[in-house]
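Peer 1: Please work out how this folds:
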Amino acid sequence: MLQIAFIRENQEKVINALAKRNMDAKSIVEEVVQLDEKRRATQVELDGILSESNKLSKDIGELMKSGEKSKAAILKEKTVLLKEKSKKLAENADVLAAALLEKLYSLPNLPAAIVPVGKTPEENLNVFEEGDIPLLHEGAQPHWELVKKYDIIDFELGVKITGAGFPVYKGKGAKLQRALINYFLDKNTAAGYNEVQVPHMVNEASAYGTGQLPDKEGQMYHDKTDDLYLIPTAEVPVTNLFRDVILNESELPVLTTAYTPCFRREAGSYGAHVRGLNRLHQFDKVEIVRVEHPDKSYEALDGMVEHVKSILQELKLPYRILRLCGGDMGFTAALTYDFELFSTAQDRWLEISSVSNFETFQANRLKLRFKDKDGKNQLAHTLNGSALALPRVLAGILENYQTPQGIVIPEVLRPYCGFDIID
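Peer 2: Below is the predicted model:
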C-alpha cells in the first residue's frame with residue numbers, strides 16, 4: 001500500500017508512475033487526497049472537542065470541590081452536548097478512514113525507474129540468457145506424454161479424486177518431486193536463508209498484508225465458514241511472520257525460506273500452453289523471502305537473481321531472465337525479474353520463477369518496521385522469489401533430459417533421488 005503522506009505530497013509523481021502500468025490514476029489520486037483532507041479536518045475538530053471536554057471535566061471537579069454546584073451543572077450540560085458531537089465526529093472519521101483505506105488498497109505499487117514501458121508480456125526486456133538448448137532425438141515427446149509412458153504422473157487419477165489441475169505423482173515421479181524440494185531448500189539454507197514450516201491457510205489480515213486481497217480475491221480458494229484462504233504462495237504466510245513487528249536495524253537483513261503446496265483458482269483455458277504441468281490449481285513451490293534495509297534492498301534483489309541463476313546452472317537447464325514491463329508486473333511489485341526455462345519438446349519458454357522487490361508497499365500494510373540508529377521507526381523493504389516453482393522445472397527436466405533409453409536425472413539431483421534414470 002502506498003503511503004498516504006507520499007501521495008499527498010507527490011500527486012503528479014504518483015500519477016505519472018502509475019501511467020507506466022497503463023493506469024489512469026488521476027481521479028483516484030484526487031479522491032484519495034480529498035478523503036484524506038476531510039479525514040484530517042474531522043480528526044482535528046474531534047481532537048479539539050475532546051480537549052475542550054477534558055478541560056470542562058477538570059473545571060467541573062474544581063467547582064464541585066468549592067461547592068459551586070449550579071455552575072458545575074451548567075458545564076455538565078455543555079459536556080453532554082460535546083459528547084454527542086464528538087460521537088458523531090468519531091463515527092464520521094471512521095467512515096472516512098474506511099473509505100480512504102479502500103481507495104488506497106486499489107492503488108498498485110509504483111514501478112521502479114528501470115521498469116520498461118509496455119502493456120504485454122511481449123514487451124518485457126530480455127536481460128540475460130544462458131545454457132545450451134539440447135538437440136532431442138527423433139520422436140521426443142512433451143512431458144504430458146512422457147509421464148504416461150513412464151507412469152510417473154497421473155492427471156486422470158487427479159481428476160477423479162479432485163478435478164483438473166490436481167495431478168497425482170507416482171513412483172519415480174514422486175521421488176523426483178521430493179528430490180527437487182529438498183535440493184532447493186538445501187541450496188537456500190546454504191545461502192543463509194532460515195527454513196520455516198508455515199500454515200497452508202491464512203486469515204484475511206494476512207492476505208491483505210501481502211497484497212493478495214483485495215487484488216486477487218477471485219484467484220484464491222476461500223473457506224467461508226472459518227474465513228480462511230488457501231495460500232497461493234508461501235510468500236503470504238512467511239512475510240506475515242513479520243506483521244506488526246518492529247526490528248532493530250542490527251537484525252536486518254532477515255532471510256527466510258519455506259516449502260509449501262500452493263493453490264490457485266486460475267481461470268481454465270485450452271491448448272498446449274496449459275497442458276500437463278504447465279498450469280495447475282495445486283502445485284509445490286519453494287520460496288525465499290527477505291526483509292531488508294531500504295538502502296540495501298536492490299543490492300539484495302540482485303543477489304536473489306544470482307542465487308536463482310546458480311540453481312538453474314547446476315540443473316543445467318537453458319533459461320533466460322526478463323525484466324517485466326509496467327503492464328505485465330504484479331500489483332504489489334516495484335520491480336520484477338521473471339526466470340523462464342526453455343522446453344525443447346514444447347518449443348517454448350516456461351516461467352519458473354519471479355523475483356521481486358516490493359520496497360515499502362507490503363511493509364506499509366503489514367506495519368513491518370525497524371528502529372534506525374537514531375531510534376526512529378522506519379518501514380522496511382520486503383522481497384521474495386521462487387527458488388523454485390516445481391511443476392515447470394519438472395516439465396523442463398523431463399523434456400530436456402529425455403533420451404531413447406529414458407529420462408536422465410540431472411547430476412546434482414542424483415544423490416537426492418537415489419536413481420540416475422527414469423526408464
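
Peer 1: Now the terminal residues of stretch 323-334, how far apart.
Peer 2: One end of stretch 323-334 to the other measures 11 Å (CA to CA, to the nearest Å).

Peer 1: for it, what is the average pLDDT?
Peer 2: Taken as a whole, stretch 323-334 has a mean pLDDT of 97.

Peer 1: Could you do stretch 184-193 as well?
Peer 2: On average, stretch 184-193 scores 98.

Peer 1: What of stretch 57-71?
Peer 2: Per-residue scores along stretch 57-71 average to 84.

Peer 1: which parts of it are buried?
Peer 2: For stretch 57-71, the neighbour count (16 or more other CB atoms under 10 Å) marks 60, 63 as buried. Every C-beta, even on glycine, is put in place using the N, C-alpha and C of the backbone.

Peer 1: now do stretch 177-185
Peer 2: 177, 179-185.

Peer 1: who touches the nearest residue to residue 133 once chain neighbours are set aside in this structure?
Peer 2: Nearest residue to residue 133, sequence neighbours excluded (CB to CB, 6 or more residues apart in numbering): residue 318, at 4.9 Å. Residue 318 is in contact with 129-134, 341-342, 400, counting by CB atoms under 8 Å, 6 or more residues apart in numbering.

Peer 1: Name the nearest of these relative to residue 310.
Peer 2: Top of the list for closeness to residue 310, among the contacts of residue 318 and by CB to CB, is residue 130 at 11.1 Å.

Peer 1: which residues does the residue nearest to that closest one when sequence neighbours are not counted contact?
Peer 2: Nearest non-adjacent residue to residue 130, counting by CB to CB, 6+ apart: residue 319, 6.3 Å away. Counting by CB under 8 Å, 6+ apart, residue 319 touches 129-131, 309, 312, 339-342, 352.

Peer 1: switch the cut-off to 10 Å
Peer 2: 128-131, 308-309, 311-313, 339-342, 349-350, 352-353, 396 (CB atoms under 10 Å, 6 or more residues apart in numbering).

Peer 1: rewinding a little: so for the residue nearest to residue 133, what's the pLDDT?
Peer 2: Here, the pLDDT recorded for residue 318 equals 97.

Peer 1: I'd like the distance between it and residue 308.
Peer 2: 14 Å (CB to CB, to the nearest Å).

Peer 1: which stretches of the stretch 151-300 of the chain form helices?
Peer 2: With helices called from DSSP state H, counting those that start in this stretch, the stretch 151-300 of the chain shows them at 155-161, 171-190, 204-209, 235-239, 297-315.

Peer 1: quick one, which of those is nearest to residue 42?
Peer 2: The nearest among the helices of the stretch 151-300 of the chain, by CB to CB, is helix 204-209 at 24.3 Å.

Peer 1: Show me the contact partners of that closest one.
Peer 2: Against helix 204-209 from outside (CB under 10 Å, 6+ apart): 1, 101, 105, 199, 202-203, 212-217, 220, 222, 227-229, 231-232, 236-237, 239-244, 362-368.

Peer 1: From these, list the buried ones, please.
Peer 2: 1, 202, 212-213, 215-216, 220, 222, 228-229, 231-232, 236-237, 239-243, 362-366, 368.

Peer 1: What residue in the protein is the furthest from its centre?
Peer 2: residue 67 (64.6 Å; CA atoms, centre = their mean).

Peer 1: for residue 255, which residues make a bridge with it?
Peer 2: Beta-bridge partners for residue 255, by DSSP bridges, are residue 290.

Peer 1: wait, isn't it in contact with residue 288?
Peer 2: Yes: proximity of residue 255 to residue 288 meets the contact threshold set by CB atoms under 10 Å, at 7.2 Å.

Peer 1: neighbours of residue 407, just the number please.
Peer 2: Neighbour count for residue 407, taken as other CB atoms under 10 Å: 23.

Peer 1: Against residue 7, how distant is it?
Peer 2: Distance from residue 407 to residue 7, by CB to CB: 53 Å.

Peer 1: re earlier: who touches both of residue 255 and residue 288?
Peer 2: 188, 191-193, 304, 383.

Peer 1: Scan the residues you listed and report the most crowded one.
Peer 2: Neighbour-wise, the shared contacts of residue 255 and residue 288 (other CB under 10 Å) top out at residue 383, 28 neighbours.

Peer 1: in which helix or strand would I find that one?
Peer 2: Element membership for residue 383 (DSSP states H and E) is strand 381-389.

Peer 1: So which elements touch that strand?
Peer 2: helix 171-190, helix 235-239, strand 254-263, strand 282-292, helix 297-315, strand 335-343, strand 348-359, helix 361-366 (3 or more CB pairs under 10 Å, 6 or more residues apart in numbering; DSSP states H and E).

Peer 1: let's see it at 8 Å
Peer 2: helix 171-190, helix 235-239, strand 282-292, helix 297-315, strand 348-359, helix 361-366 (3 or more CB pairs under 8 Å, 6 or more residues apart in numbering; DSSP states H and E).

Peer 1: Could you point out which of these sits nearest residue 87?
Peer 2: helix 361-366 (29.5 Å).

Peer 1: Toward the C-terminus from that closest one, list the very next helix or strand.
Peer 2: That would be, after helix 361-366 and using DSSP H and E, strand 369-371.

Peer 1: avg pLDDT for that next one?
Peer 2: Mean pLDDT, strand 369-371: 98.

Peer 1: how about the helix or strand containing residue 98: buried residues?
Peer 2: If you go by DSSP H and E, residue 98 is part of helix 69-105. Neighbour counts over helix 69-105 (16+ other CB under 10 Å) mark 72, 75, 79, 82, 86, 89, 92-93, 96, 100, 103-104 as buried.

Peer 1: All set, thanks.
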